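Asker: sharing a model that was predicted from the sequence below.
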Amino acid sequence: MGSDTSNSGEPRSRATPGLRGAIEAALPKERYGDQLAILSGTGQNIAGLAVFVVATFATNVLISRTLGASALGVITLATQLGFIGGAATRFGMDMAAVRRVAIDVGRGEGGRARGVLVRAVAIAALVSAVAGLLVFLGAGSLARAFHGTRGAFQAAALALPFVALSQVYLGGTRGLKVMRHTLYVYWAGQPVLWIVLLVLGWGLSKSIGMSVLAYALSWGLATVAAWFFWERETRSFTPMPAEAGEVGALIRYGAPRAPAALLAQLLFWTDYFVFSRYAHGPQLGVYAAAVRVAQALVLFLIAVNYMFSPFVADLHQRGERERLDGLFKALTRWVVAGSIPILLLLAIVPGPVLRVFGGGFQSGSTALRILLIGQAVNVATGSVGFILIMVGRTGWDLLVYAGSFLLDLVMAFLLAPHLHAEGAAIAQAVTLVVSNTARLYLVWRFVRIQPFTRQYLRLAIPAAAGGLVMAAVHLALRHGAWAVDLLATGIAGAIAYAVVLLAAGLTPAERRAIARVLGVATPAPRTG
């Protein structure tokens, strides 16, 4: 089921026309058009994220089991340097592309979009190339500071510009409210390419440097693909001249976004970098695994954020606050509902989850549980960060990120030397709570919308049912094979949660919508 702005002539799966027709009949486009488009894009995102998580998880397991936990720690440092550097040095042009393309298309001036993106790409290319060169020249110093290898950080420098440029092109296609290219290139393509190139590279040199070089090459290919999809989606647009001062407008928007994007990525890794100064042996690799696993909790939030962003820009520009508020409330509740089973599983059986990385990784269980607190608040507050960016409040967004970064940095330096991985995890959890609370207030202050309704309370019943079933299964199997414990606990708890959610966790309107899709008669009025 594609969005309204996707290529209308593109063929879809032949296996689902009946279901798609039933959904459109039950939820008419004139009333539920935004929800259907976001649902479609989110569904594509979830599919892509599933591939991303599995591929990333598999890559980390492959590295840890082949090169060891210490190598995993160094490779994580180098690849995150490339990724975080790319996030900062694209100068906010990815979000600028989403926002400007969505606004131009929304007001019927899609022909300006190509010119906007050409300028956004040029800005990101210049800044990221300079940053990549500096990282390459300083690779030796970075290797000494973080106990890595020079080749690993040189390879990270090569990745940096490609990370930046691919995201700018994909931001443009998301501005068109087309999500599938982000799925193909970012969520699925690049992680899978890294695995393929990793295995091929190890045939020449089974080393840390080759592992990071494979990462850089995967982003290079991703950039080519992202450019191709943007060109294909927009080649039919009638050319329109760029507005006067376009470059200046992009720079003014991107100037606060550039450091904010850097700090946004660092918010998940600052404590990790600080802990790398004090970690010994496999401790850093264990904490890297815990951080990666905790981030799985935000999968549904990420899926919604990427699709919701252009709608925020479009609706806010047109002054449709009530419509935006309704979407924000509904989407946040859906995100929380989809994230609860993951939260329960990670909190109840953290040891078996971490055992996937290898023996000894279960020592990160306490750190993982602490990290989950911060990520749970991140999920519960919904798309507050993306809303601030899409309504143009990039300065305030930067201010929150700067304060959050300083808080994380100070707490990590205070706690990590004494509490080790648990101290680093406390620093991140507290930072995420403070950061998201601040954004929640700012969104209410500037846009007058917030994500919470009384319907949230309905989710407590299925959450309790799923948690109790998971706890019971885990207690029964905890002395057996860890893989059996993990799978049985997850499957049984997810089934219990889903059953009770359908029975008691949905709103009356949601139940009626599902009944109409399934063709089940319901006595409730359609307008209820």
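Answerer: Thanks, I have the structure now.
Asker: helices of the stretch 401-528 of the chain, start to end?
Answerer: Using DSSP state H, counting those that start in this stretch, the helices of the stretch 401-528 of the chain run over residues 421-447, 460-477, 482-500, 508-518.
Asker: let me fix that, I meant to ask about the stretch 251-400 of the chain.
Answerer: Under the criterion DSSP H, counting those that start in this stretch, the stretch 251-400 of the chain contains helices at 270-275, 283-295, 299-317, 321-348, 350-355, 365-380, 384-390, 394-419.
Asker: quick one: these as a markdown table, columns for distance to residue 508 too.
Answerer: In this view, the C-beta of every residue, glycine as well, is placed from N, C-alpha and C. Formatted as a markdown table, the helices of the stretch 251-400 of the chain follow (distance: least, C-beta to C-beta, whole Å):
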| stretch | distance to residue 508 |
| --- | --- |
| helix 270-275 | 44 |
| helix 283-295 | 34 |
| helix 299-317 | 23 |
| helix 321-348 | 14 |
| helix 350-355 | 36 |
| helix 365-380 | 23 |
| helix 384-390 | 27 |
| helix 394-419 | 37 |
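Asker: okay, those in CSV with distance to residue 84 and mean pLDDT next?
Answerer: Listed next are those as CSV, based on distance: least, C-beta to C-beta, whole Å; pLDDT from 0 to 100:
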stretch, distance to residue 84, mean pLDDT
helix 270-275, 10, 87
helix 283-295, 13, 88
helix 299-317, 16, 83
helix 321-348, 24, 91
helix 350-355, 24, 92
helix 365-380, 18, 95
helix 384-390, 16, 89
helix 394-419, 12, 92
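Asker: okay, the helices of the stretch 401-528 of the chain, which one's buried deepest?
Answerer: Ranked by mean neighbour count under mean count of other C-beta atoms under 10 Å, the helices of the stretch 401-528 of the chain are led by helix 421-447, which reaches a mean of 21.
Asker: by contact count, what packs against it?
Answerer: If contacts are counted by 3 or more C-beta pairs under 8 Å, 6 or more residues apart in numbering; DSSP states H and E, helix 421-447 sits against helix 270-275, helix 283-295, helix 365-380, helix 384-390, helix 394-419.
Asker: hmm, back to that, adding distance to residue 326 and mean pLDDT, write the helices of the stretch 401-528 of the chain out as a markdown table.
Answerer: Shown next, in a markdown table, are the helices of the stretch 401-528 of the chain (distance: least, C-beta to C-beta, whole Å; pLDDT from 0 to 100):
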| stretch | distance to residue 326 | mean pLDDT |
| --- | --- | --- |
| helix 421-447 | 13 | 95 |
| helix 460-477 | 23 | 95 |
| helix 482-500 | 25 | 95 |
| helix 508-518 | 12 | 69 |
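Asker: closest one to residue 258 among these?
Answerer: Among these, the nearest to residue 258 by C-beta to C-beta is helix 421-447 (18.3 Å).
Asker: dihedrals phi and psi, residue 108?
Answerer: In terms of degrees, to the nearest 10, the main-chain angles of residue 108 are phi 80, psi 20.
Asker: returning to that earlier point: and the helices of the stretch 251-400 of the chain as a markdown table, adding mean neighbour count?
Answerer: A markdown table is the format used below for the helices of the stretch 251-400 of the chain (neighbours: other C-beta atoms under 10 Å):
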| stretch | mean neighbour count |
| --- | --- |
| helix 270-275 | 25 |
| helix 283-295 | 26 |
| helix 299-317 | 23 |
| helix 321-348 | 20 |
| helix 350-355 | 22 |
| helix 365-380 | 22 |
| helix 384-390 | 25 |
| helix 394-419 | 19 |
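Asker: tell me which of these lies nearest to residue 448.
Answerer: Of all those, it is helix 321-348 that lies closest to residue 448, at 6.4 Å by C-beta to C-beta.
Asker: what's the closest of the helices and strands packed on helix 421-447 to residue 113?
Answerer: The closest of the helices and strands packed on helix 421-447 to residue 113 is helix 384-390. By C-beta to C-beta, the value is 16.1 Å.
Asker: what comes into contact with that closest one?
Answerer: With C-beta atoms under 8 Å, 6 or more residues apart in numbering as the test, helix 384-390 has contacts from 95, 98-99, 257, 264, 305, 308-310, 312-313, 316, 328, 394, 396-397, 436, 439-440, 442-443, 446-447, 449, 451.
Asker: any idea how far the spatially most central residue of the chain is from residue 383?
Answerer: Computing the C-alpha centroid of the chain and ranking residues by C-alpha atoms, centre = their mean puts residue 302 first, at 3.8 Å. Distance of residue 302 to residue 383, computed by C-beta to C-beta, to the nearest Å: 10 Å.
Asker: what of residue 309?
Answerer: Taking C-beta to C-beta as the measure, residue 309 falls 8 Å from residue 383.
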